[in-house]
Every structure is written in structure tokens, then in C-alpha cells.
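Asks: sequence and predicted structure below; questions after.
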Amino acid sequence: MRKIVERSLRQAGLDLSEVFQAGNGAEALSTLKESQVDLILCDINMPVMDGIQFIKQLPGIEGAKNVPVVMITTEGSEAHVVEALSCGARGYIRKPFTPEQVKEHVVPVLAGKI
Amino acid sequence: MTTSGRALATANTHQNWIPLLEMSTREVFELMLSCQLAPVPGIDESGMDVTSMVGLAGQLCGVITVRCHERTAILMASKMLGLPVEKVGPHFSDAIGEVCNMVAGNFKNKIAGLSDGCMLSPPSVITGSNYSLRSLADSPALQVRMLFENLPIVITLQIHT
């Protein structure tokens, strides 16, 4: 899925200088301790550390606490949406998705409009 | 309603889910692979050697599987990742796992009340065809058979009531 998301971002016309990939929330936190990013796209349902736990721990990472997070997941329930947004997610994309849908959600977030 | 009446109603409800299972599958292939699936009444399932499974728990318990031949899974991955078929390699397992995950999620989100009340497991993928799968399902499996680029795929939902 990580490769599919990256491909969708490129298909949507976003200029990606570098993409870091992590298999779960814990890996992502480790990556963020060493790398600066402009946007985080994150699944909810992941092994080891899920997306909700990840986003709750994000403020503890100095260089990442203000980085916007957009969730991408099959978990489209109202409860999951509310929980993700209350934890700080700026947007929510439900799988399956088109590159256009990714662009619609990601561009405003990157532009600071959401 | 008698016990047998309730059982019948449950079975009927589940049979009514077949069009939703088909629609869920079609949407995943149209949006993620830019492919239209064609319905097919009967297909030869022998030799299907890739099976992806996602478990359902909560208000609906069971398992959804997507089965196909390895070459079909490779073609799925090729279309999802925008890679030539010969460069897909082991990514086909991730691709069919994700397809199954999306079909399961899309399906449960189409059923009122299930979206919040049903959790999905991460997908598992079995390669090889010489195995038997025994789930706790206690009602007839719902099955959808379709053609993806003229290659057969079978989507099955087994439910434990």
C-alpha cells in the first residue's frame, strides 16, 4: 500500500523530493527522529503500533509535532474518523481511492488551508 | 419468530449481501487498478494458488478471501504499482493482500451498522493450492466469481453468526 500511495501522489502531480516509508507507527516514529518531512500519510490498521497510537505519540517528536497527518485507511467508520481527527489528523482518505481523491485531500493540507 | 425462522431470516440476509460483495470488489478494481471486472457464472477454480484472507471480528465475524492464480495476482500488482509484470516480483503478495483488505473494508462500510461494529485483521496471504482452510463459519459461504482481464478471481465471505 505504501508504494500505491506514493504512486498516487506522483500521479496527482505532487512534486515529491523524497518519500520515507515505514511499516508501522513505531518505525515511522524512528524515521521522524532523524528526518524532516512536510506531510505524513498514515494507515490506522497497522501491526506493532497502529495509526491512532502513532498520531498520539507524534507531539513527542521535536521535528514532527507540527507536521500535518492525513489518514489513509479502510476503516471508514464514524468512530474512527472522530478519533483520528480528535488526535490531530488533518484529513482522512478512505480506501479504495483515486489519485484525484488523494490530491483533493492532500493539497489543501500542504497549503495550510486545513 | 421461531428459532428456525430466525435462522432462515439470517441466511436470507446474508444472501442479500452477495450484490454488495460484488459491488465492493468492482469498486476496488475500478478505483485502484482502473479495471472493469466481468461477471462469470462458473469458472475452473483448480490450480488457484494465491489466497488472501482478512478476518472480521465484532458484530460480523468471519473471513473474506480473494483467490486467484499467481499470474493474476502478479497482474494485479502490476496495475496497482504501475510496474511491468516482469518487475513485480514478491510484491504480488502485498498487492493481493491489500486488494482483500480493501474489499473487506469497502464491504463492511456498505452495511448499515457494521462500519463501527466490525474490525478487520491485517491481511494474510497463502501461496500454494494444497491446503485446506477450516474457519468457524456456520452459514453458507457467499461467493462472487469474476473475470479480471479475462483471468478468474473468486471472492468468498464465510460468516460465523
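Replies: Okay, I see it. Residues are numbered from 1 along each chain as shown, chains lettered A, B, ... in the order given.
Asks: just the strands in chain A please.
Replies: Ranges of strands in chain A, per DSSP state E, are A:40-42, A:69-73, A:91-94.
Asks: before we move on, what SS does B:Gly55 have?
Replies: At B:Gly55, secondary structure determined by DSSP: H, G, I helix; E, B strand; the rest coil is strand.
Asks: would you turn the strands of chain A into JSON lines with mean neighbour count and distance to B:Ile159?
Replies: All C-beta atoms are positioned from the backbone trio N, CA, C, and that covers glycine. Supplementary listing: the strands of chain A in JSON lines, determined by neighbours: other C-beta atoms under 10 Å in any protein chain shown; distance: least, C-beta to C-beta, whole Å:
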{"stretch": "strand A:40-42", "mean neighbour count": "23", "distance to B:Ile159": "31"}
{"stretch": "strand A:69-73", "mean neighbour count": "23", "distance to B:Ile159": "23"}
{"stretch": "strand A:91-94", "mean neighbour count": "19", "distance to B:Ile159": "23"}
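Asks: now do the helix or strand that B:Val154 is a member of: distance to the chain's middle.
Replies: Assessed by DSSP states H and E, B:Val154 sits inside strand B:151-160. Strand B:151-160 has its C-alpha centroid displaced from the chain centroid by 5 Å (C-alpha atoms, centre = their mean, to the nearest Å).
Asks: so which bits of that strand are buried?
Replies: Using 16 or more other C-beta atoms under 10 Å in any protein chain shown as the test for burial, strand B:151-160 gives B:152-159.
Asks: same question for stretch A:28-45.
Replies: Neighbour-count burial for stretch A:28-45 [16+ other C-beta under 10 Å]: A:28-29, A:31-32, A:37, A:39-45.
Asks: farthest-apart pair in these, please.
Replies: Greatest spatial distance among those (C-beta to C-beta): A:Val37 and A:Asn45, at 21.6 Å.
Asks: cheers, nothing more for now.
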